[in-house]
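*Asks:* Output the structure for:
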Amino acid sequence: MKTAFKMKLYPGFIEEYKKRHDEIWPELENLLKGAGIYDYSIFIDEETNILFAVHKTKENVSAQDLGNTDIVKKWWKYMAEIMETNADNSPITTPLKEVFYLS
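*Replies:* Numbering: from 1, shown residues only. Below you'll find the model as predicted:
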């Protein structure tokens with residue numbers, strides 16, 4: 001299964017967002033991979049600060065589905081100062097509908 005969604009970064013935080021993901025915590029990476037998430041990419045539209053995330057899963061799971069784990073809650077809190085979030089610090093996300101695919 002492939003999942004795609006968008007999020008929004010606050011202005012001026014592109015480099016910090018990239019840095020934090022370049023230094024992703026090993027326990028978070030292990031959790032994502034252990035849940036069957038792979039081929040995970042995040043893109044940014046630098047004019048709007050809109051982030052576009054796409055990942056594949058072996059199961060019917062999304063990275064957002066892991067929000068009940070302590071490590072994901074800790075990551076969300078860490079990221080909340082640089083991006084739009086909900087009251088629980090989870091990123092505000094909008095699912096995206098695939099309109100084209102070429103294999």
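
*Asks:* Next, the closest residue to Lys77 other than its chain neighbours: secondary structure please.
*Replies:* Using C-beta to C-beta, 6 or more residues apart in numbering and skipping residues adjacent in sequence, the residue nearest Lys77 is Asn89, 4.9 Å away. Where you see a C-beta, it was placed from the backbone N, CA and C, and this is true even at glycine. The local conformation at Asn89, judged by DSSP: H, G, I helix; E, B strand; the rest coil, is coil.

*Asks:* what's around Asn89, how many residues?
*Replies:* Neighbourhood size, Asn89 [other C-beta atoms under 10 Å]: 18.

*Asks:* now swap in Leu9 and tell me
*Replies:* The burial count for Leu9: 21, using other C-beta under 10 Å.

*Asks:* Which phi and psi values does it adopt?
*Replies:* Main-chain torsions, Leu9, degrees, to the nearest 10: phi -90, psi 140.

*Asks:* Same question for Phe13.
*Replies:* Dihedral pair for Phe13: phi -110, psi 20, per degrees, to the nearest 10.

*Asks:* show me the residues around it that make contact.
*Replies:* 49, 82-83 (C-beta atoms under 8 Å, 6 or more residues apart in numbering).

*Asks:* I'd like those as JSON lines, with pLDDT, distance to Ile37 and neighbour count appended.
*Replies:* Output for these, formatted as JSON lines (pLDDT from 0 to 100; distance: C-beta to C-beta, whole Å; neighbours: other C-beta atoms under 10 Å):
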{"residue": "Asn49", "pLDDT": "98", "distance to Ile37": "24", "neighbour count": "18"}
{"residue": "Ile82", "pLDDT": "98", "distance to Ile37": "22", "neighbour count": "16"}
{"residue": "Met83", "pLDDT": "98", "distance to Ile37": "19", "neighbour count": "19"}
